[in-house]
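Participant: With the sequence up front, the predicted model follows.
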Amino acid sequence: MPSKSKIKGNNFERWIVNFFESVGLHCRRAWGSDGRSMGLTEGVDGTLNDEYKWQAKCKAQISPFYIPNEEVDFQIFKGNRTGTFATMSVQTLAEMINRMNELYQHNESLEAENKDMKDMLYRERK
């Protein structure tokens, strides 16, 4: 029988997948919370849009220091001899990725339109 902690973690990972799927993003969870089942490293719990790797941590309490206040979209922090990190709500993260996807698709359509116009101008010059 799995431990309560493992069940809580699995439920949280399923919540993450369901949340991102509900806002139109492709999200996958690694079998057994082990990225090796997806051809990735052990510490990966899942992928978002087949591009971003995520790891879920479900804690009883999170220090208020790491939670952005209502006045900002995300918070950036660093410690001594560590990298620089950012925290934000999953809603903000989903919005950012959706906007990037829209811009990417718009750019692709502009490139296709540009190619069509170049082809048309080339045919007219002949």
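Facilitator: Great, that's in hand.
Participant: Break down the chain into its strands, ranges please.
Facilitator: Remark: strands assigned in the chain by DSSP state E are 27-29, 46-48, 52-54, 74-78, 84-88.
Participant: most centrally placed residue in this structure?
Facilitator: Per Cα atoms, centre = their mean, the C-alpha nearest to the average position across the chain is that of Leu48, at 4.6 Å.
Participant: Distance check, Ser109 against Met120.
Facilitator: The gap separating Ser109 from Met120 is 16 Å, by Cβ to Cβ, to the nearest Å. C-beta coordinates here come from the backbone N, C-alpha and C atoms, glycine included.
Participant: what's the answer for Ala94, then?
Facilitator: Ala94 is 39 Å from Met120, by Cβ to Cβ.
Participant: Look at those two and report which has more neighbours.
Facilitator: Using other Cβ atoms under 10 Å, the more surrounded residue of Ala94 and Met120 is Ala94, with 19 against 10.
Participant: on that earlier part again, using JSON lines, lay out the strands of the chain together with mean pLDDT and distance to Gly9.
Facilitator: Converted to JSON lines, the strands of the chain look like this (pLDDT from 0 to 100; distance: least, Cβ to Cβ, whole Å):
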{"stretch": "strand 27-29", "mean pLDDT": "95", "distance to Gly9": "11"}
{"stretch": "strand 46-48", "mean pLDDT": "94", "distance to Gly9": "12"}
{"stretch": "strand 52-54", "mean pLDDT": "94", "distance to Gly9": "13"}
{"stretch": "strand 74-78", "mean pLDDT": "91", "distance to Gly9": "24"}
{"stretch": "strand 84-88", "mean pLDDT": "92", "distance to Gly9": "19"}
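Participant: Would you reformat those as a markdown table and include distance to Glu102?
Facilitator: Converted to a markdown table, the strands of the chain look like this (distance: least, Cβ to Cβ, whole Å):
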| stretch | distance to Glu102 |
| --- | --- |
| strand 27-29 | 18 |
| strand 46-48 | 16 |
| strand 52-54 | 16 |
| strand 74-78 | 20 |
| strand 84-88 | 19 |
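Participant: Kind regards, and thank you for your time.
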